[in-house]
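[1] Make a model of this:
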Amino acid sequence: MNNQYKQVGITEFGSADQLIARLMTQPALEAQQVWVRVLASSINPIDIKTRSGLGYVAQAKQASAFLPLGYDVLGIIERVGGEVSDLKVGDTVLGMVGFAANPGCYASHVAASAEELIVVDEKVSSDIAGLCLAGLTAVQALAKFSPNQGTLFVNAPTGGVGHLAIQIAKTSGFDVVAVTTRCELVDGLELGIASLSYDEFFAEKRHGQLLDLVGGEVAKNLLNNLQTGARLVTVPTVTKDDVIGYAQTIGIQGEGVLVETNKKQLEALYQAVQAGQLKVIVSKEYPLEEISDAHAFVEQGHHFGKVIIVA
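    Numbering: from 1, shown residues only. Take a look at the predicted model:
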């Protein structure tokens with residue numbers, strides 16, 4: 001019996017060309033784990049930041065050690081641990097696995113905690129792999145706002161988190177406005193979500209709330225155009241402290257969000273997709289063997305929604 005599987009990751013930080021595949025030996029399952037044959041994964045910004053040497057996951061990497069990447073998984077269970085009762089061999093499952101310290105879903109197989117996974121229809125599209133980390137981030141960030149506190153402005157609304165966040169915000173009762181250089185893409189969704197170019201946003205002082213998915217100087221510039229008393233949630237971890245600190249100096253309350261596994265929220269997201277109330281938009285799909293090309297494509301910044309990796 002072949003007990004090896006493939007993982008893709010890095011030994012050295014750098015460009016997309018640093019991504020390499022390795023054959024690994026199947027681990028012994030812990031009592032609450034399952035062994036999943038990966039059907040699909042997706043690329044998230046943290047994957048690219050870690051590969052580049054940014055963020056706390058990268059900082060924890062030992063020199064020359066192999067660090068696998070990827071947190072999203074759609075797959076089929078092949079083995080179950082001794083104490084797993086709600087999942088069985090043959091189940092098709094979906095989840096955010098190993099966040100944040102133990103990525104590894106760019107792979108042919110992955111060991112996952114049963115608490116990270118939900119059961120989905122066996123005929124579900126590979127697109128659904130893009131729902132996990134991005135969807136949970138959107139839900140958990142939006143929970144920090146109130147629809148009663150004014151317009152919710154969302155930057156980067158065509159990215160993985162953004163395109164889900166604007167849809168979820170709309171159905172949750174927010175007056176949501178997308179701030180973007182790609183208004184035509186937002187308008188093309190036909191969701192009834194207003195969009196503003198950056199020039200239009202800056203044309204007058206704004207009252208409301210900001211879900212910041214860009215960070216850095218872009219976030220600061222947007223904050224400068226919000227009235228005192230506005231609320232901020234910023235998602236990019238690399239610039240989080242700087243952006244929140246700046247917001248405080250101009251009278252705006254801010255906080256970050258670090259996504260957490262939540263089966264109930266993921267199940268609700270999945271059911272919304274199944275009911276046609278939420279759409280995971282996919283720009284491109286790549287085989288695992290072309291993961292370097294997929295990373296390079298995402299870094300060009302021309303994608304809309306998610307990029308899927310098929311194992």
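
[2] Span of stretch 53-67 from start to end?
    In stretch 53-67, first residue to last residue: 11 Å (C-alpha to C-alpha, to the nearest Å).

[3] average model confidence for that stretch?
    In this model, stretch 53-67 carries a mean pLDDT of 95.

[4] dump the residue contacts of the closest residue to residue 173 other than its chain neighbours.
    Nearest residue to residue 173, sequence neighbours excluded (C-beta to C-beta, 6 or more residues apart in numbering): residue 147, at 4.3 Å. All C-beta atoms are positioned from the backbone trio N, CA, C, and that covers glycine. Residue 147 makes contacts with 172, 173, 174, 175, as judged by C-beta atoms under 8 Å, 6 or more residues apart in numbering.

[5] Reformat those residues as JSON lines; add secondary structure, neighbour count and distance to residue 271.
    Shown next, in JSON lines, are the contacts of residue 147 (DSSP: H, G, I helix; E, B strand; the rest coil; neighbours: other C-beta atoms under 10 Å; distance: C-beta to C-beta, whole Å):
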{"residue": "172", "secondary structure": "coil", "neighbour count": "14", "distance to residue 271": "15"}
{"residue": "173", "secondary structure": "coil", "neighbour count": "10", "distance to residue 271": "18"}
{"residue": "174", "secondary structure": "coil", "neighbour count": "25", "distance to residue 271": "20"}
{"residue": "175", "secondary structure": "coil", "neighbour count": "15", "distance to residue 271": "25"}
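
[6] between those, which is nearest residue 245?
    residue 174 (26.2 Å; C-beta to C-beta).

[7] Run a quick check on that closest one versus residue 145, I expect a contact.
    Yes: using C-beta atoms under 8 Å, residue 174 is in contact with residue 145, at 7.2 Å.

[8] tell me, what's touching those two both at once?
    With C-beta under 8 Å, 6+ apart, residue 174 and residue 145 have common neighbours residue 152.

[9] how about residue 294, secondary structure?
    With DSSP: H, G, I helix; E, B strand; the rest coil as the basis, residue 294 sits in helix.

[10] For it, the count of nearby residues, please.
    Taking other C-beta atoms under 10 Å as the neighbour definition, residue 294 ends up with a count of 24.

[11] Same check on residue 167?
    Counted with other C-beta under 10 Å, residue 167 comes out at 23.

[12] ditto for residue 245
    Using other C-beta under 10 Å, the number of residues around residue 245 comes to 10.

[13] residues contacting the residue most central in space within the chain?
    Residue closest to the mean C-alpha point of the chain, counted by C-alpha atoms, centre = their mean, is residue 134 at 2.7 Å. Counting by C-beta under 8 Å, 6+ apart, residue 134 makes contact with 42, 44, 160, 161, 164, 306.

[14] Contacts only, for the fifth one.
    Residue 164 makes contact with 131, 134, 135, 138, 278, 280, according to C-beta under 8 Å, 6+ apart.

[15] how close does the closest residue to it other than its chain neighbours sit to residue 238?
    Excluding the flanking residues, the one nearest residue 164 by C-beta to C-beta, 6+ apart is residue 138, at 4.5 Å. The gap separating residue 138 from residue 238 is 19 Å, by C-beta to C-beta, to the nearest Å.

[16] Equivalent analysis for residue 226, please.
    Distance from residue 226 to residue 238, by C-beta to C-beta: 22 Å.

[17] which one of these two has more residues nearby?
    Higher neighbour count among residue 226 and residue 238: residue 226, with 23 against 15, using other C-beta under 10 Å.

[18] What are the boundaries of the helices in this structure?
    Counting by DSSP state H, the chain has helices at residues 45-52, 56-59, 132-142, 160-171, 183-188, 198-202, 216-224, 240-249, 263-274, 291-299.

[19] quick one: the spatially closest residue to residue 36 that is not a sequence neighbour from residue 21, how far?
    Among residues not flanking residue 36 along the chain, residue 75 sits closest, at 3.9 Å (C-beta to C-beta, 6+ apart). Applying C-beta to C-beta, the value for residue 75 to residue 21 is 18 Å.

[20] Looking only at neighbour counts, state which of the two leads.
    The neighbour comparison of residue 75 against residue 21 (other C-beta under 10 Å) goes to residue 75, with 28 against 16.

[21] Surely residue 8 touches residue 18?
    No: under the criterion of C-beta under 8 Å, residue 8 makes no contact with residue 18, lying 10.7 Å away.

[22] who has more neighbours, the two?
    residue 8 (23 against 16).

[23] Which residue, other than its chain neighbours, is closest to that one?
    residue 106 (4.0 Å).

[24] Where do the strands of the stretch 1-150 of the chain begin and end?
    Ranges of strands in the stretch 1-150 of the chain, per DSSP state E, counting those that start in this stretch, are 4-10, 20-25, 33-42, 67-68, 72-80, 92-96, 109-113, 117-119.
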